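> coords below, sequence missing:
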């Protein structure tokens, strides 16, 4: 079964794997002893989307797999990593919150990256380095862009809403970082979801976030990185359908995620939870989203600005990210209570 009381150090390792950008990633080499999703308490479901077979894992309270409940679909972040990473101590967390209390009230689902294994044994290896060695498969690169994920996940959600164990009136979607983009666009599809959670997103587009800088910073290295960001965007605009991702994001991925998400966020009619750290590079874009929501009299957006927190909600100490200052539990409590998935007075 998934480890519910996982130490922060293991959660940190997974967050760094999920949320940082690696120059290249690949499927791990399978071993004869590779465990199955079922051995960790998940149901492995396959949904057809066009010619693709979509792998999805569902986590339910033991013995309540067929009990009709709300469902929360969590959208993965940017990296082509397996959903379940494990070693001799068990599995790393799959969700950025402890699911034990939530499972009393809902089912949890997560969809695998296209062409990437669902499970990987990382015994004796650093999960943050494991996927650097070779490039992702072309199958993944050709599908790793926003519009594909939105269309795929929408099809999966429609399938899920037909299942007897899903309360189709309470189907939620959430995501962090790149996953928030997907969640935002799914929330804008009429009648698809009941609520959405948007964490550390880039409302004005990821391209702006990648060139965001402190204008008072004299660091020449930061200035060079800024120019790299503009050059990356220029390449994407010049060749927006290029799918090669051997050295990182493909042009297609960059172009799809680089554009403003304001139309989706402000066009959605369902309740949205917008959470972000005030020291995230995209904080000002989230502040602008809030200003626009006020101007347009949008009352379905709930904002939580986490003061002094960065992209992954860690704090700072002596000017450096303090990885001992783990805050995901509080963030999780906030959006899970908002969503009605945690009763008042309980924590995840």
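Arrived safely, thanks for sending. Keep in mind the model is a prediction, meaning the values are calculated, not measured.
> partner strands of the longest strand along the chain and their direction?
What stands out as the longest strand in the chain, according to DSSP state E, is strand 166-176. Using DSSP bridges, the strands paired with strand 166-176 in its sheet are strand 69-75 (parallel), strand 195-199 (parallel).
> let's have the ones you listed in TSV, adding mean pLDDT, distance to residue 311 and mean neighbour count.
C-beta here means a position set from N, CA and C on the backbone, and glycine is covered the same way. As requested, those are exported to TSV (pLDDT from 0 to 100; distance: least, C-beta to C-beta, whole Å; neighbours: other C-beta atoms under 10 Å):
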stretch	mean pLDDT	distance to residue 311	mean neighbour count
strand 69-75	98	16	24
strand 195-199	98	10	28
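> hang on, the earlier thing: next structured bit after the longest strand of the chain?
Using DSSP states H and E, the helix or strand that follows strand 166-176 towards the C-terminus is helix 178-187.
> show me what that following helix is in contact with.
Here helix 178-187 makes contact (C-beta atoms under 8 Å, 6 or more residues apart in numbering) with 74-78, 146, 149-150, 153-154, 157, 173-175, 192-193, 195-202, 206, 257, 261, 264-265, 268, 270, 272.
> re the thing from before, got JSON lines for the strands paired with strand 166-176, with distance to residue 161 too?
Formatted as JSON lines, the strands paired with strand 166-176 follow (distance: least, C-beta to C-beta, whole Å):
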{"stretch": "strand 69-75", "distance to residue 161": "8"}
{"stretch": "strand 195-199", "distance to residue 161": "14"}
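> related to what we said a few turns ago, angle of the longest strand of the chain against helix 178-187?
Calculated by axes from the mean of the first three to the mean of the last three C-alpha atoms, to 10 degrees, strand 166-176 forms an angle of 140 degrees with helix 178-187.
> leaving out chain neighbours, which residue sits closest to residue 336?
residue 342 (4.3 Å; C-beta to C-beta, 6 or more residues apart in numbering).
> residues in contact with that neighbour?
Here residue 342 is in contact with 101, 102, 105, 333, 336, 348 (criterion: C-beta under 8 Å, 6+ apart).
> nearest to residue 137, of those residues?
Using C-beta to C-beta, residue 102 comes nearest to residue 137 of the contacts of residue 342, at 33.0 Å.
> what is the burial count for the closest one?
Per other C-beta atoms under 10 Å, the neighbour tally for residue 102 reads 23.
> do the same with residue 44
Neighbours around residue 44, by other C-beta under 10 Å: 14.
> and for residue 328?
Counted with other C-beta under 10 Å, the neighbours of residue 328 add up to 22.
> wait, it sits on residue 97?
Yes: applying C-beta atoms under 8 Å as the test, residue 328 and residue 97 come out as touching, 6.7 Å apart.
> what's the span of stretch 64-77, first residue to last?
In stretch 64-77, first residue to last residue: 28 Å (C-alpha to C-alpha, to the nearest Å).
> please state the offset of that stretch from the chain centre?
What separates the centre of stretch 64-77 from the centre of its chain is 15 Å, taken as C-alpha atoms, centre = their mean, to the nearest Å.
> now do stretch 288-296
24 Å.
> all helices of the stretch 1-150 of the chain, in order?
Here the stretch 1-150 of the chain has its helices, by DSSP state H, counting those that start in this stretch, at 8-19, 138-141, 146-160.
> mean pLDDT lowest for which of those?
With a mean of 46, helix 8-19 has the lowest mean pLDDT of those.
> which of the three states applies to residue 273?
Under the three-state scheme (DSSP: H, G, I helix; E, B strand; the rest coil), residue 273 adopts strand.
> my read: it touches residue 197, true?
Yes: Residue 273 lies in contact with residue 197 (C-beta under 8 Å); the separation is 4.7 Å.
> shared neighbours, the two?
With C-beta under 8 Å, 6+ apart, residue 273 and residue 197 have common neighbours 174, 335, 339.
> spit out the contact partners of the first one.
For residue 174, the contacting residues are 72, 73, 74, 75, 183, 196, 197, 198, 199, 273, 335, taking C-beta under 8 Å, 6+ apart as the criterion.
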